[in-house]
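K.L.:
Give me coordinates for this.
(2 chains)
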Amino acid sequence: MSMNERAADTLVIGGGLVGAAVAYGLLRAGESVTVLDEGDVALRASRGNFGLVWVQSKGDKMHEYARWTRGSADLWPEFAGLLAQDGGIDPDYSKPGGIHFMLSEEDLEKKRAQLHRLHNSLEGQEYGAEIIDREQLDAMLPGLGPDVVGASWSPHDGHASPLRLMRGLHSAIAAKGGRYVADAKAEKVERDGSGYVVRTAKGAFRGDKVVLAAGHGNKWLAPSVGLDVPLRPEKGQIIVTERVRPLIPMPTHVMRQTAEGTIMVGDSHEDTGYSDASTSSVVSDIAKHAVRCFPALGQLRVVRTWGAVRVLSLDGFPIYQESATHPGAFSINCHSGVTLAGAHALALAPMIARGRLDASLDAFHSRRFEHATAH
Amino acid sequence: MPRRIDPEGKSIGFTFEGRPVAAREGDSVAAALTAAGLRDLRDSAVSGSPRGIFCMMGACFDCLVEIDGIPNRQACMIPVTEGLAVRRQRGAVEVRI
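P.N.:
Below you'll find the predicted structure:
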């Protein structure tokens, strides 16, 4: 197998939203970067993303995650601007606030208690989500169905085009001198002196550091650098409608209108292994629920439906870690590749460039699963 | 300029923007419009620029037209029937709430 000439400062395995955001951030930090990507056959969650940049209700059981998510939402305006400047593609980010519908008084009370817990746990930092009643909701978003009793609302929530974000990141990586290699699925990660060599179908690549950002692939790659990455697949399905004039002024957890005018409808959670097949029964349930929340959607023609496989850790929170036995080898996993793109590029990548993760990320290490049974 | 390679078949009449167009049995709306030299089928909902046929197999959603009052229909996927009223799709649809 031929050895590709120069060693990069960092090899990033995975060219989806997570790998691309980290690679872009490393390039911004002045590193030389090679991104090794599986290519079009990859089980790529980034291709099926809904596009929310979402803070509310994240991290109820892990406050570090609540803070990290909020931090990423705070970084997004700067991140979107840098991306448009460096790569020439605007990810269509906007932050009009976001809404999560409540269809019963009981759900409303549960949500109120959750927001209260989150608010109290963030050490005085303003959490910013609140419960609004139907009257306040009608003023923000006219046209809701009679079953919607209220909602939680957060001014930190927003949305972006996941496809433009993906393209923008890759365009910015190229503009910053990053090297992207397609159809180069990582088969093996090995030590190479003080650095690493990654063997792929496109040859072997060397780097001083290596970042595993291969989504579900990390589960198989991580042991070779002394890391454990327990993950499980969870399918989500999405419906997209024909393009219509502005109808929904802010994103909600079940539907959002894109900059082009289509309305995306989603929020299903299924365990079907690594299948990303779209199925009519689930799509029909998604449509029924969305029409119950917002009846006018029933007038719209559906253009496409698709499925994608979320990358979930056992507790659903991200995994960020450096190997204790293999210094300079990192692994990254999360299921919110859009929301966390700002933090991945502008907060996490600079830590990797410096060669160590900040103590604030300790809670995200996979050692938290050591006593877990499901593996 | 596209032309028919097989002019056989029963003749069917429909309208585009209120004007009569001659089609052949088995034509899709998109094929009949193309054969009649009509290429500007809609305005882009994003830029307003004109759009017409592209993939002719239901994948690209570029040939959207209004048919019998229903907007955003794929002209390449709908067979012509006698008397169909086809109109240009003008931008994005307005939905009443």
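K.L.:
so what's the residue of the stretch 51-200 of chain A found nearest chain B up against?
P.N.:
Using C-beta to the nearest C-beta, A:G143 is the residue of the stretch 51-200 of chain A that sits closest to chain B, at 3.2 Å. In short, each C-beta sits where N, CA and C put it, glycine included. By C-beta atoms under 8 Å, 6 or more residues apart in numbering or on different chains, A:G143 lies in contact with A:L247, A:F294, A:P295, A:A296, B:I97.
K.L.:
Let me know the helix or strand that it is in.
P.N.:
Following DSSP states H and E, there is no helix or strand that holds A:G143.
K.L.:
residues from chain A in reach of chain B?
P.N.:
Residues of chain A lying near chain B by C-beta under 8 Å from any C-beta of the partner chain: A:142-143, A:242-245, A:247, A:260-261, A:295-296, A:299-301, A:303.
K.L.:
Could you identify the most distant pair in those?
P.N.:
Within the residues of chain A next to chain B, A:P142 and A:V303 form the most distant pair, 24.5 Å apart (C-beta to C-beta).
K.L.:
Between those two, which has more neighbouring residues?
P.N.:
The neighbour comparison of A:P142 against A:V303 (other C-beta atoms under 10 Å in any protein chain shown) goes to A:V303, with 16 against 12.
K.L.:
Can you say which helix or strand has that one in it?
P.N.:
Assigned by DSSP H and E, A:V303 falls in strand A:302-313.
K.L.:
cool, and A:Y196?
P.N.:
Per DSSP H and E: strand A:195-200 holds A:Y196.
K.L.:
neighbours around A:G342, how many?
P.N.:
By other C-beta under 10 Å, 28 other residues sit near A:G342.
K.L.:
for A:A329, same thing?
P.N.:
Neighbour tally, A:A329, other C-beta under 10 Å: 26.
K.L.:
same question, A:E190
P.N.:
Other residues near A:E190 number 12, with proximity taken as other C-beta under 10 Å.
K.L.:
Quick check: bridge partners of it?
P.N.:
A:V197 (DSSP bridges).
K.L.:
list the contacts for it?
P.N.:
Counted by C-beta under 8 Å, 6+ apart, A:E190 has contacts A:Y196, A:V197, A:V198, A:R199, A:S224.
K.L.:
I'd like those residues as TSV, with neighbour count appended.
P.N.:
Listed next are the contacts of A:E190 as TSV, based on neighbours: other C-beta atoms under 10 Å in any protein chain shown:
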residue	neighbour count
A:Y196	25
A:V197	20
A:V198	26
A:R199	17
A:S224	20
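K.L.:
which SSE is A:M264 in?
P.N.:
Using DSSP H and E, A:M264 maps to strand A:263-265.
K.L.:
and after that strand, which helix or strand comes next?
P.N.:
Strand A:263-265 is succeeded, C-terminally, by helix A:280-293 (DSSP H and E).
K.L.:
in that next one, what counts as buried?
P.N.:
By neighbour count with 16 or more other C-beta atoms under 10 Å in any protein chain shown, helix A:280-293 contains the buried residues A:V282, A:V283, A:I286, A:A287, A:H289, A:A290, A:V291, A:R292, A:C293.
K.L.:
contacts for that helix?
P.N.:
The contact list for helix A:280-293, computed with C-beta under 8 Å, 6+ apart, reads A:101, A:103, A:144-145, A:147-148, A:237-239, A:252, A:254-255, A:265-268, A:270, A:297-298, A:302, A:305.
K.L.:
so that helix versus strand A:302-313, what angle?
P.N.:
100 degrees (axes from the mean of the first three to the mean of the last three C-alpha atoms, to 10 degrees).
K.L.:
residues contacting residue 92?
P.N.:
You didn't say which chain, so I picked chain A. The contact partners of A:D92, by C-beta under 8 Å, 6+ apart, come to A:A160, A:S161, A:R164, A:T258, A:A259.
K.L.:
Actually, chain B is the one I wanted.
P.N.:
By C-beta under 8 Å, 6+ apart, the contact set of B:A92 is A:R243, A:V244, A:R245, A:G261, B:A45.
K.L.:
Turn the buried ones among the residues you listed into a named PyMOL selection, would you?
P.N.:
In PyMOL, this line selects whichever of these come out buried by 16+ other C-beta under 10 Å:
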select buried, (chain A and resi 243+244+261) or (chain B and resi 45)
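K.L.:
sec struct for the nearest residue to B:I12 once chain neighbours are set aside, please.
P.N.:
Excluding its sequence neighbours, the residue lying closest to B:I12 (C-beta to C-beta, 6 or more residues apart in numbering or on different chains) is B:A23, at 4.7 Å. Here B:A23 is recorded as strand under DSSP: H, G, I helix; E, B strand; the rest coil.
K.L.:
what about B:A23, how many neighbours?
P.N.:
Neighbours of B:A23 under the rule other C-beta under 10 Å: 24.
K.L.:
from what I can see it touches B:T15, true?
P.N.:
No - contact criterion C-beta atoms under 8 Å: B:A23 and B:T15 do not qualify, at 10.7 Å.
K.L.:
How about the residues of chain B by chain A?
P.N.:
Counting by C-beta under 8 Å from any C-beta, chain B sits next to chain A at B:45-46, B:61, B:64, B:71-73, B:91-97.
K.L.:
Mind checking which of these are in helices?
P.N.:
Per DSSP state H, helices hold no members of those.
K.L.:
Now compare the residues you listed and name the two farthest from each other.
P.N.:
For those, the maximum inter-member distance is 24.1 Å, found between B:F61 and B:I97 (C-beta to C-beta).
K.L.:
Please identify which residue in chain B comes closest to chain A.
P.N.:
The nearest approach of chain B to chain A comes at B:I97, 3.2 Å away (C-beta to the nearest C-beta).
K.L.:
what residues are up against that residue?
P.N.:
Counted by C-beta under 8 Å, 6+ apart, B:I97 has contacts A:P142, A:G143, A:L247, A:P295, A:A296.
K.L.:
ok so, going back, pick the one among the contacts of A:E190 closest to B:A85.
P.N.:
A:V198 (60.6 Å).
K.L.:
Surely that closest one and A:K185 touch.
P.N.:
No - contact criterion C-beta under 8 Å: A:V198 and A:K185 do not qualify, at 10.1 Å.
K.L.:
out of the contacts of helix A:280-293, which are buried?
P.N.:
A:101, A:103, A:144-145, A:148, A:237-239, A:252, A:254-255, A:265-268, A:270, A:297, A:305.
K.L.:
Mark which of the residues of chain A next to chain B are part of strands, please.
P.N.:
Those of the residues of chain A next to chain B mapping onto strands are A:V303, per DSSP state E.
K.L.:
right, and out of the residues of chain A next to chain B, which lies closest to A:D90?
P.N.:
Closest approach between the residues of chain A next to chain B and A:D90, by C-beta to C-beta: A:E260, at 12.7 Å.
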